[in-house]
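Participant: No letters, just coordinates:
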């Protein structure tokens, strides 16, 4: 059974044992007959990543398009990254997704970086098979000096012309596979105009205007993440003129009707839907010239187009008989994403990262196994593990590879992976057979070339204390390193420090990466991912801004997040003192900062420097309370903490127009020791999940609160309790 399923996975990942185009071309794409006038509605999607049926899905999108076409002009646009991600996409190299998009009736598409993950020939085949106009003003064939696709698509609605200008991110070099844009000698034969990015876009906008466009809508796969600078959508808007609206993708961000100033001061509407059909974007150009943007919540749109749904069902039947097969069991949930859908593997160690890095090291027989966070794409729930689960996690089909690399090259790889911490980075390095520390108090001095590739480190390394096999890393020693071809052969994520390494030929191209993971689980773990992987293995120690706060402390995430968000300060420049008692004034000041961040109507008060207690006193005044300086500078007790924090939550509820729901305090063995005036506050915090008692069942109301505990309270309030309370606990 095990070997049979393993061979099936290999066969279908490598050979595609069925035709991806077998169902294509039999029916025409959906058409929408628009009336002679009215609003111009532009529906848009981005970063679907092969999730054809998730949330609203393509069948729901088709129904939405057909419904809106009854009352006005409707155009359907995609901002990239549609052809890679889920099993259907992987097994057909994106072709099934193209077939479905043609069935839905897309009008304009811009290529995302992941459209190139199957190689240039397959990318051009897929994009060429789209019935939609493919646009990208800055993707250029250097052999001809011309764009590969049209710079823009002009569409006419009655007497109004709208130009859709396509823009592809230069990060495509490193966030796909650099070799796909090079010739056999390693020379780049394609360009994304990274050296004259804004000028190229401006020229295309100007050309569209000269051709008669009344409106210009940029359709970009750029994103807004800090690590994507200077190529983000916001930066493009700020450095150009003539764009009226910007439909974005790439960063998986939910952006609704953001107003961004262009170079000439005019306002441009920016929108992005998130990922995997979390929303449908709706951009409207009204008859009076007003442009509005909104996101249609996928959960609210349940109608499905029967024809598209049936078409998808035919495709599903061809591949699900294979991918639904159970290949292993997992005793634990394996984590790639946090509960809120954000990436866990791109700035922190997780048990999934540990598992995959172990697979590389053990199966490939190397000193060290490494894995990029960007290559880990989904969680696996505890229970049965199917081929579909594995393909969802490792979607790219890279080849497991072993090279001989020096300790210096390994160190540079780790440094590149940590270069944007605490920001998310697809190049964040998960490890096996080694451990390391990231000191985030050290600013990154990684130098990258114009394409985002590693060049050097110009200053101090933020990565330190690297151990391999229990011994300090020897920068001159040669180690065997197992990873995938994306990093070690094609230098993806900018990992060019591996150029010139010697490939261990007998271990290269032996396994596809997802097949290697299956082999590790089935053979080395005997088909069961056990409790040893119940949590991350503490292979990556991260010191945040404060030298006394690292990943070994339970308060680490709360302190690092609070510092990054401007909520927490240290007792000194690089000292947080997490075990030191916090004063009432310090706690009140933190709550003041939280309220300002949450958008409460607080007055601007000093919260740092010599007058920092001004904010604490102001917050007390909003509750008609006063405290002496001696009281403000005394350690705060747990019941005082509850009182102050409950007032904050009541303010949050009031701002949301809600009435808080309380449950009595019955869980604590020492409830009678809580002052009567504070019992409601303790009940409020406890019922909201913001605080809990001690293992012995007590609350210890007179106990003091440490700075680490206060940081955790702040984290709970802003990231968990307030959203849950305003959405569910309040009524």
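Facilitator: Thanks, I have it. Bear in mind that the values here come from a model prediction, so they are computed numbers and not experimental data.
Participant: element containing the residue nearest to residue 681 when sequence neighbours are not counted?
Facilitator: Closest residue to residue 681 in three dimensions, ignoring its sequence neighbours and counting by CB to CB, 6 or more residues apart in numbering: residue 646, at 3.7 Å. Quick note: C-beta positions are derived from backbone N, CA and C, even for glycine. Using DSSP states H and E, residue 646 sits in helix 638-655.
Participant: by contact count, what packs against that helix?
Facilitator: helix 584-598, helix 676-688, helix 707-716 (3 or more CB pairs under 8 Å, 6 or more residues apart in numbering; DSSP states H and E).
Participant: What's the mean pLDDT across the last one?
Facilitator: In this model, helix 707-716 has a mean pLDDT of 91.
Participant: So which elements touch that helix?
Facilitator: Helix 707-716 makes packing contacts with helix 556-564, helix 584-598, helix 638-655 when contacts are defined by 3+ CB pairs under 8 Å, 6+ apart.
Participant: Turn those into JSON lines, columns for mean pLDDT and distance to residue 458.
Facilitator: Shown next, in JSON lines, are the helices and strands packed on helix 707-716 (pLDDT from 0 to 100; distance: least, CB to CB, whole Å):
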{"stretch": "helix 556-564", "mean pLDDT": "86", "distance to residue 458": "24"}
{"stretch": "helix 584-598", "mean pLDDT": "89", "distance to residue 458": "34"}
{"stretch": "helix 638-655", "mean pLDDT": "81", "distance to residue 458": "44"}
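Participant: Below-threshold pLDDT in the stretch 601-731 of the chain: ranges please.
Facilitator: Applying pLDDT under 70 to the stretch 601-731 of the chain picks out residues 653, 655-666, 719-731.
Participant: Stretch 454-470 - what's its average pLDDT?
Facilitator: For stretch 454-470, the mean pLDDT works out to 96.
Participant: right, I mislabeled it, should have said stretch 237-257
Facilitator: This predicted structure assigns stretch 237-257 an average pLDDT of 94.
Participant: All further residue positions should be reported with the first residue as 28.
Facilitator: Sure thing, new numbering starts at 28, so read that last one as stretch 264-284.
Participant: and that stretch, how far from the chain's centre?
Facilitator: For stretch 264-284, the distance between its averaged C-alpha position and the chain's averaged C-alpha position is 17 Å (CA atoms, centre = their mean, to the nearest Å).
Participant: Look through the chain and report the residue furthest from the middle.
Facilitator: With distances taken from the mean C-alpha point of the chain and given as CA atoms, centre = their mean, the most distant residue is residue 699, at 46.8 Å.
Participant: What separation do you get for it and residue 83?
Facilitator: Computed with CB to CB, to the nearest Å, the distance linking residue 699 and residue 83 is 53 Å.
Participant: Spell out which residues sit in contact with the residue nearest to residue 708, please.
Facilitator: Under the criterion of CB atoms under 8 Å, 6 or more residues apart in numbering, the contact list for residue 673 reads 707-709, 711-712.
Participant: how about the spatially closest residue to residue 488 that is not a sequence neighbour, what does it touch?
Facilitator: The shortest distance from residue 488 to any residue that is not its chain neighbour, by CB to CB, 6+ apart, is 5.5 Å, and that residue is residue 442. The neighbourhood of residue 442, defined by CB under 8 Å, 6+ apart, consists of 471, 473, 484, 488-490.
Participant: among those, which are in strands?
Facilitator: Judged by DSSP state E, the contacts of residue 442 include 473, 484, 490 as members of strands.
Participant: my guess is the first one contacts residue 484, does it?
Facilitator: Yes - the pair residue 473 and residue 484 passes the contact test of CB atoms under 8 Å, sitting 5.7 Å apart.
Participant: need the strands for the stretch 278-427 of the chain, in chain order.
Facilitator: Shown for the stretch 278-427 of the chain, the strands assigned by DSSP state E, counting those that start in this stretch span residues 281-288, 294-300, 306-312, 318-324, 353-357, 395-399, 410-413, 427-433.
Participant: which of those sits most buried?
Facilitator: For those, ranked by mean neighbour count under the definition mean count of other CB atoms under 10 Å, the leader is strand 395-399 at a mean of 27.
Participant: mean confidence score for it?
Facilitator: Here the average pLDDT along strand 395-399 is 98.
Participant: Go through that strand and list whatever outside residues touch any part of it.
Facilitator: Outside strand 395-399, the residues that touch it by CB under 8 Å, 6+ apart are 380, 383-389, 437, 440, 444, 453-461, 495, 506-511, 513-514, 519-520.
Participant: how about a cut-off of 6 Å?
Facilitator: Taking contacts as CB atoms under 6 Å, 6 or more residues apart in numbering, the residues outside strand 395-399 that touch it are 380, 383-384, 387-388, 454, 456-461, 506, 508-510, 520.
Participant: Tell me what angle it forms with strand 427-433.
Facilitator: Calculated by axes from the mean of the first three to the mean of the last three CA atoms, to 10 degrees, strand 395-399 forms an angle of 110 degrees with strand 427-433.
Participant: Strand partners (parallel or antiparallel) of strand 395-399?
Facilitator: Sheet pairing here is set by DSSP bridges, and for strand 395-399 it gives strand 456-459 (antiparallel), strand 505-511 (parallel).
Participant: could these be laid out in CSV, adding distance to residue 623 and mean neighbour count?
Facilitator: Below are the strands paired with strand 395-399 laid out as CSV (distance: least, CB to CB, whole Å; neighbours: other CB atoms under 10 Å):
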stretch, distance to residue 623, mean neighbour count
strand 456-459, 36, 27
strand 505-511, 44, 24
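Participant: mind listing what's buried in the helix or strand containing residue 227?
Facilitator: For residue 227, the host element (DSSP H and E) is helix 224-237. Within helix 224-237, the residues that qualify as buried by neighbour count (16 or more other CB atoms under 10 Å) are 224-225, 227-232, 235-236.
Participant: Reformat those as a markdown table; add pLDDT and distance to residue 719.
Facilitator: Putting those into a markdown table (pLDDT from 0 to 100; distance: CB to CB, whole Å) gives the following:
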| residue | pLDDT | distance to residue 719 |
| --- | --- | --- |
| 224 | 96 | 51 |
| 225 | 96 | 52 |
| 227 | 96 | 56 |
| 228 | 97 | 53 |
| 229 | 97 | 56 |
| 230 | 96 | 60 |
| 231 | 96 | 57 |
| 232 | 97 | 56 |
| 235 | 96 | 59 |
| 236 | 96 | 61 |
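Participant: Residue 256: which of those is nearest?
Facilitator: Here the nearest of those to residue 256, counting by CB to CB, is residue 224; it sits at 11.2 Å.
Participant: Leaving out sequence neighbours, find the closest residue to the closest one.
Facilitator: The spatial neighbour of residue 224 that comes closest, neighbours along the chain excluded (CB to CB, 6+ apart), is residue 258 at 6.2 Å.
Participant: Burial check on that neighbour, number of neighbours?
Facilitator: Here the count is done by other CB atoms under 10 Å, and residue 258 has 22 residues near it.
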